[in-house]
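Participant: When you get a sec, could you give me coordinates for this:
(one chain, ligands or ions: 1)
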Amino acid sequence: MTKEISCDVLVIGGGPGGYPAAIRAGQLGLKTVLVEADRLGGTCLIRGCIPSKAIIHAASEFDHAKAASEGQSPFGMTISATPELDFKTLNDWKAGIVNGLSSGVAGLLKGAKVDVIKGWASFSNAKTCTVTTDDETVIIKPTNVVLANGSTETELPGIKTDGTHILSSRHALDLIEQPKSIGVIGAGYIGLELGIALNKLGTDVSFFEAGNSILPGYDSELTRPVQAYLDRRKISVHTGAQANSAEIKSDQVHLTVETSAGETETHVFDKLLIAIGRQPVTSGWGLETMGVDMNGKFVAIDSQCRTSMSGVYAIGDLVGEPMLAHKATAQGECVAEVITGQKRAFSPVAIPAVCFTEPEIVSVGLSPDQAETAGNEIIVGRFPFAASGKAMAMNASKTRGFVRITARKSDHVVLGIQAVGAHVSELSGEFVLALEMGAVLEDIAHTIHAHPTLSEALNESALAALGHPIHIKAG
Ligand code: FAD
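Facilitator: Model (predicted):
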């Protein structure tokens, strides 16, 4: 059976970009249809941010219990038996969180009167979309289209994922048995987050990174505490290593890499995880028929998320870096208002980026180097968590972590804030608010931060930039 429908807004993709766009469009009274081929929630909720953070949390709990069982609890906790972990239960617990959130998204869309169609959307021109569902073919004629097709894992030429031995991040998040050893190709944030979690759960982990250091894109001051953690845990990191091929022999993966010295090495693991980045989903759904301009591999948009085709908008991972859920969501909320003619533009001062590594890293705005390269004369303040009472009380002061603030010397306008340390992801909101509000160092230095909290480190870093910190020596 074929039916034809029309709508004010057609959203493709039910990820953190698409579903907020649809909800906001529905709230604004627009007749809205959302098409999602998979489950509502997209990469982030189903196979990205949320399941990874659930596993990271569980892994840290397990690691603490293991340390206690080995007599290494700093506050004297002992556990007489060696803790064990049932991967199947861990996986079920994680699936429960994902399922609950995905149903929640369905409820929110329903509440906003958005019609959800499950199936693969394919365009024959910019305003004609066909979806084949389980029981019918739906032809949709929208007035406006929001493309939020997202991204997928980048494949490594020569090493194909099979879901059994050679895994993508989505496979690694669904493991129901613990691998004894795993090689991780790519030491970006996804590879490191998953690799560190698996190591805490007891897996022997090795990283292979083509670049010169872990977390390419973050400066060495920020990555040093993470590298120090990897060193302490004896997790090997092979930098300058080019993964060439992988063969499965006797239920194990034999990985061949070329080192920076030009030598060929073979490493053997139970599993191999490929985590070398993500690609926008630009093929298989008729993008080429829509007449939109591209910006390299991404769909090109202007500051109102408009593509070059009238009435066609694009958001999220499909339109480029940073490929992060909160950017997609902010664009989704914005684009619905643009469609209704409101004066909105997507022009954030900064988009926070967090690595849920050990310790965590958060970066908002410019690093000192970036600020100088952009032509600013700067002042920088740092405050170490080693001097934070709350970090000490949480046994989180020995991670070599700190908060770092960069401001323009002439007027003290804050240009960037970064932090490394346990739980610093939760500080990202204050960091980005400071930049969005155009804060100067004095605004932060004179804002009373509750004691004892990790957030006091931001206050102290601003005081340090002004030359008079209280809890560390000036200078
Ligand atoms: P997606 O979430 O990819 O959603 C796109 C949706 O569109 C998909 O559900 C897809 O099925 C659907 N779709 C595509 N084409 C069609 C079609 N033709 N018809 C119908 N449906 C279609 N980001 C963070 O901010 N923080 C994190 O901690 C974080 N951790 C991550 C961890 C991992 C392991 C991974 C893989 C990613 C992580 N990300 C994180 C990135 C984040 O998941 C993405 O940036 C975000 O999901 C992008 O949202 P989106 O809506 O643009 O696209």
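
Participant: what sits against whatever residue of the stretch 51-200 of the chain ends up closest to the ligand?
Facilitator: With CB to the nearest ligand atom, the shortest gap between the stretch 51-200 of the chain and the ligand falls at residue 150, namely 2.1 Å. C-beta coordinates here come from the backbone N, C-alpha and C atoms, glycine included. Contact analysis of residue 150 by CB atoms under 8 Å, 6 or more residues apart in numbering lists 13, 15, 17-18, 42-43, 280-281, 316-318, 328.

Participant: What is the burial count for the residue of the stretch 201-350 of the chain found nearest the ligand?
Facilitator: Taking CB to the nearest ligand atom, the ligand has its nearest neighbour within the stretch 201-350 of the chain at residue 316, 2.2 Å off. Counted with other CB atoms under 10 Å, the neighbours of residue 316 add up to 35.

Participant: residue contacts, it?
Facilitator: 13, 15-18, 148, 150, 323, 327-328, 331-332.

Participant: before we move on, back to that, gap between the residue of the stretch 51-200 of the chain closest to the ligand and residue 361?
Facilitator: 24 Å (CB to CB, to the nearest Å).

Participant: what does residue 470 give?
Facilitator: Counting by CB to CB, the gap from residue 470 to residue 361 is 25 Å.

Participant: ok, now residue 39?
Facilitator: From residue 39 to residue 361 the distance is 30 Å (CB to CB).

Participant: Over to residue 256?
Facilitator: With CB to CB as the criterion, residue 256 and residue 361 are 31 Å apart.

Participant: the more surrounded of the two?
Facilitator: residue 361 (24 against 16).

Participant: if I pick the more buried one, what's in contact with it?
Facilitator: Per CB under 8 Å, 6+ apart, neighbours of residue 361: 215, 218, 222-223, 226, 354-355, 418-420, 424.

Participant: If we use 7 Å, what do you get?
Facilitator: Shown in contact with residue 361 (CB atoms under 7 Å, 6 or more residues apart in numbering): 218, 222, 226, 354-355, 420.

Participant: Same check on residue 294?
Facilitator: So residue 294 contacts residue 300 (CB under 7 Å, 6+ apart).

Participant: Report pLDDT for the closest residue to residue 82 other than its chain neighbours.
Facilitator: With sequence-adjacent residues excluded and distances taken as CB to CB, 6 or more residues apart in numbering, residue 82 is closest to residue 69, at 5.2 Å. On pLDDT, residue 69 comes in at 96.

Participant: what about the helices in the stretch 1-150 of the chain?
Facilitator: For the stretch 1-150 of the chain, the helices defined by DSSP state H, counting those that start in this stretch occupy 18-27, 42-47, 49-69, 87-111.

Participant: So which of the ones you listed is nearest residue 200?
Facilitator: Between residue 200 and those, the shortest gap by CB to CB is with helix 49-69, which sits at 3.9 Å.

Participant: Near residue 287, how many residues? Count them for me, please.
Facilitator: That count, for residue 287 with other CB under 10 Å as the rule, works out to 21.

Participant: Equivalent analysis for residue 297, please.
Facilitator: Residue 297: 10 neighbours (other CB under 10 Å).

Participant: what helix or strand is residue 170 on?
Facilitator: Following DSSP states H and E, one finds residue 170 within helix 169-172.

Participant: Report the separation between the closest residue to residue 183 other than its chain neighbours and residue 410.
Facilitator: When the adjacent residues along the chain are set aside, residue 183 lies closest to residue 269, with 4.3 Å between them (CB to CB, 6+ apart). Using CB to CB, we find residue 269 at a distance of 53 Å from residue 410.

Participant: What residues does the stretch 201-350 of the chain have near the ligand?
Facilitator: Residues of the stretch 201-350 of the chain lying close to the ligand (CB under 6 Å from any ligand atom) are 281, 285, 316-318, 323-326, 328.

Participant: now, the most widely separated pair of those residues?
Facilitator: Farthest pair in these, by CB to CB: 285 and 326, 24.8 Å.

Participant: Next, count neighbours for the nearest residue to residue 142 once chain neighbours are set aside.
Facilitator: Excluding the flanking residues, the one nearest residue 142 by CB to CB, 6+ apart is residue 10, at 3.6 Å. For residue 10, the count of nearby residues is 30 (other CB under 10 Å).

Participant: dump the residue contacts of residue 10.
Facilitator: 33, 129, 140, 142, 145.

Participant: 10 Å instead?
Facilitator: By CB atoms under 10 Å, 6 or more residues apart in numbering, the residues touching residue 10 are 22, 25, 31-35, 115, 117, 121, 123, 127, 129, 131, 140-147, 312.

Participant: Drop anything exposed from the residues you listed.
Facilitator: 22, 25, 31-35, 115, 117, 121, 123, 127, 129, 131, 140, 142, 144-147, 312 (16 or more other CB atoms under 10 Å).

Participant: In strands only, show me the residues you listed.
Facilitator: 32-35, 115, 117, 121, 123, 129, 131, 140, 142, 144-147, 312 (DSSP state E).
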